[in-house]
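Novice: next one to model:
(2 chains)
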Amino acid sequence: MIELYLLLVLMIVGAIIAIEIQDLLSSVIAVGAVGLVLSITFLILKAPDVAITQLVVEILCLMILIRATLKKDLPFSTTGRWFLNTLIALCFIAMFLMLFAQCVPELPRFGHPIMRVARIYLDQGMLKTGAANIVSSVILDFRAFDTLGEATILFTAVIGVLAIVRRIGRKKEDEKEVEGEE
Amino acid sequence: MTHKESETKGMSLIVKTITRLTVGIIISFGVYIICHGHLSPGGGFAGGVIVALSFIHLMLAYGGEEAFKRLSKRTASLWESAGAIFFLGLALLGFTGGYFFLNFLPKGENFALFSAGIIPLCNLAISIKVGAGLFSIFVALVSLKISAEALKVKLKKGKNQL
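Specialist: Down below sits the predicted model:
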């Protein structure tokens, strides 16, 4: 259990570094370190499926971040209302901590779920679906509707990205004139 | 494209050589993860992302044109839609036996590659969809940046001419 806490502390440290550091590339690398530690955490908690997915998606996200957005100058919004902003942030933190403290006693113990439905999946998953990997049998047989919804979300996301960043429709008036001259 | 021209695009010779050696291994590992999704950890989503990553790897090392020769943007969108329709069609085919997402194929022997009914087919459909979708997102974001830079250069040239 101690290694789990070490990894969690490492993740928090990495996240803080990613926010506080000045250089954008170092910040992206810190985010990548957090993702890697998260993947190892999933592995320790015996969820190799999630660990693999987390790792490859993290790599893809880092590539997109580095390749597509890194060279842009991002202006930091530093308004003069730092006192009000800090006050609001502290209020929200206090509120969420209170809610958290109220919710914690209701939660089941770590590793002891209260879901009754999942027990059937674990006991008879292989008998009912024939798939040796229990995660596959859950996401593609018992809960296939969820997977269909997730696929729809990804499809919509791709369509949205392609529609927003396509080249046609992004030209302003003066840019068109320049192209017309050539 | 002559040999000299192809050397100038993309990254350095070391990166290109390593890419040429590793890209096949990466894509076959992705296909392995997809095909064994119902037997070992992994599955359609992770395998699809790995396949997409192999194309992105190629694109980063050799430049966009070399990757588009193997998988163009239009083909990627077509594959994505085809994967979605494949998955939905598998779900609808369940109505032949009774209800949506029915596992209508025979279960087969446990731990065999061809087992578990429609689950490997669903994995395949999702992997096609996810791989092509993520590749096209990456291409869209990167080509947006390239075209924006080209536009800037063009604008500067145009102003100089004026």
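Novice: got the domain boundaries for chain A?
Specialist: Here the domain parsing of chain A from automatic domain parsing is A:1-71, A:132-169.
Novice: I'd like the ones you listed laid out as TSV, including distance to residue B:86, mean neighbour count and mean pLDDT.
Specialist: (C-beta placed from N, C-alpha, C; glycine too.) Written out in TSV, the entries for the domains of chain A read as follows (distance: least, Cβ to Cβ, whole Å; neighbours: other Cβ atoms under 10 Å in any protein chain shown; pLDDT from 0 to 100):
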stretch	distance to residue B:86	mean neighbour count	mean pLDDT
domain A:1-71	21	16	87
domain A:132-169	10	17	82
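Novice: dump those domains into TSV; add distance to residue A:123 as well.
Specialist: Output for the domains of chain A, formatted as TSV (distance: least, Cβ to Cβ, whole Å):
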stretch	distance to residue A:123
domain A:1-71	18
domain A:132-169	10
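Novice: and these: which comes nearest residue B:28?
Specialist: Closest to residue B:28 of the domains of chain A, according to Cβ to Cβ: domain A:1-71, at 15.1 Å.
Novice: and the closest residue to residue B:30 other than its chain neighbours, what pLDDT?
Specialist: Closest residue to residue B:30 apart from its sequence neighbours, by Cβ to Cβ, 6 or more residues apart in numbering or on different chains: residue B:50 at 3.4 Å. Note for residue B:50: predicted pLDDT of 91.
Novice: then residue A:83?
Specialist: Looking at residue A:83, its pLDDT is 84.
Novice: mind telling me what element the spatially closest residue to residue A:21 that is not a sequence neighbour is part of?
Specialist: Computed as Cβ to Cβ, 6+ apart, the closest residue to residue A:21 that is not its neighbour in sequence is residue A:27, at 5.2 Å. Here residue A:27, judged by DSSP states H and E, is contained in helix A:24-44.
Novice: do residue B:140 as well
Specialist: Short version, using DSSP H and E: residue B:140 is in helix B:119-161.
Novice: what's that helix packed up against?
Specialist: If you count contacts as 3 or more Cβ pairs under 8 Å, 6 or more residues apart in numbering or on different chains; DSSP states H and E, helix B:119-161 packs onto helix A:48-64, helix A:134-137, helix A:144-165, helix A:173-181, helix B:13-35, helix B:44-62, helix B:64-70, helix B:73-93.
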